[in-house]
Structure formats: structure tokens, C-alpha cells
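Engineer: Using only what follows, build the 3D model:
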Amino acid sequence: MPLVEMQNLKKQFGANQVLKGIDFSVESGQVVAIIGRSGSGKSTLLRTLNGLESINEGPIEIDGEHVDARHADLRASLLKVGMVFQQYDLFPHLTAGQNVMLAQTAVRKVHKAKARTTAEQVLERVGLADKFNAYPEQLSSAWLLSGRSR
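Structural biologist: Now for the predicted structure:
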């Protein structure tokens, strides 16, 4: 059973049809990138997954639950979905680790020790485990020097 699934998803703003019958599924543990031209509907698609945009047609299910303002407990659904915006920025007064821990502790009410373990694992996965205690200005330099791009 897919963790995220949508079928024939449609979204329009007035006469402008932005999402035209999107079929999409993601299995647990799968990493997916959504790419396309500016204005092609990437952000709208992600916003429908988060319940930030209503849909015109087609079901969206996350972990077996409908995600739509008309059919779901959005708070419960939103706890399962995260989104990084195109112009993301870290909080400059927090370390990389603290930034990663923030949503876990503030929104999901995860205990700090568990949130720290998860944050360490996530930073390890993206090759930044040694930057857990680095502040954003230090992180940018390290990121650029490593040859990786944002």
C-alpha cells in the first residue's frame, strides 16, 4: 500500500487548469523529486498534499487517510507531511541540528532526545552529520566548499 497516493488529481484557479489528472504514488522510504518548469504546478501539487490548497477532483490519500479540507482531520494529516519551500532558509540563531529538530519537537511534540537522534540520522543521510552544531552561516561555507550546490 503506498504511503502517498493520488489519482486523476485536478486543480484549477478560475479557467486556468493547473493540475490536469495527476496520478502519483510514493512507497514508504522512497525518495521522489518533482521537477518541471516554473509555473508547471509543482508547488500547487505539494500544497494539495499538505491540505494548503483544495482540490477540484481526485482523491489524495496519505497513509490510508483522505487529505482534503472536506474529508479529513487536516491537523492529523498535516503531522505526517512536511514541505520545504523553494526559498528555504534556516533559522540563523539555531544550529543545523536544532533547525532539523524544531518541527519534531514543536509540532509533533517528540521528546528532544528522540528528535536529536532523528536529526542526526537525517543529516548523516545528506552528508552533513559533522555540521550538526554548525550555524547557518558556517553551513553555507561548508556546503559550497564541499562541491555540493543548494
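Engineer: Quick one: mean pLDDT over the helix or strand hosting Gln17.
Structural biologist: Element membership of Gln17 [criterion: DSSP states H and E] is strand 16-26. Strand 16-26 comes out with an average pLDDT of 92.
Engineer: Pull up the pairing partners for that strand, direction included.
Structural biologist: Here strand 16-26 is paired, per DSSP bridges, with strand 4-13 (antiparallel).
Engineer: Which positions within the partner strand qualify as buried?
Structural biologist: Residues 4-6, 9, 11 are the ones in strand 4-13 that count as buried (16 or more other CB atoms under 10 Å). Where you see a C-beta, it was placed from the backbone N, CA and C, and this is true even at glycine.
Engineer: And for it, what's in contact with it?
Structural biologist: 17-26, 41, 44-45, 48-49, 53-62 (CB atoms under 8 Å, 6 or more residues apart in numbering).
Engineer: how far does the next helix or strand after the strand holding Gln17 sit from the chain's center?
Structural biologist: Remark: after strand 16-26, the chain's next helix or strand is helix 42-49, criterion DSSP H and E. Helix 42-49 sits 10 Å away from the centroid of its parent chain (CA atoms, centre = their mean, to the nearest Å).
Engineer: With stretch 23-37 instead?
Structural biologist: Centroid displacement of stretch 23-37 relative to its chain, using CA atoms, centre = their mean, is 11 Å.
Engineer: Endpoints of that stretch, how far apart?
Structural biologist: Start-to-end span of stretch 23-37 (CA to CA, to the nearest Å) is 19 Å.
Engineer: Buried members of the contacts of strand 4-13 into PyMOL, please.
Structural biologist: Applying 16+ other CB under 10 Å to the contacts of strand 4-13 leaves a buried subset, and the PyMOL line that selects it is:
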select buried, resi 18+19+22+24+41+44+45+48+49+53+55+58+60+61+62
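Engineer: ok, back up a step: between the strand holding Gln17 and helix 42-49, how big is the angle?
Structural biologist: 60 degrees (axes from the mean of the first three to the mean of the last three CA atoms, to 10 degrees).
Engineer: Need the residues that contact strand 16-26.
Structural biologist: Outside strand 16-26, the residues that touch it by CB under 8 Å, 6+ apart are 2-12, 32, 41, 44-45, 48, 55, 58.
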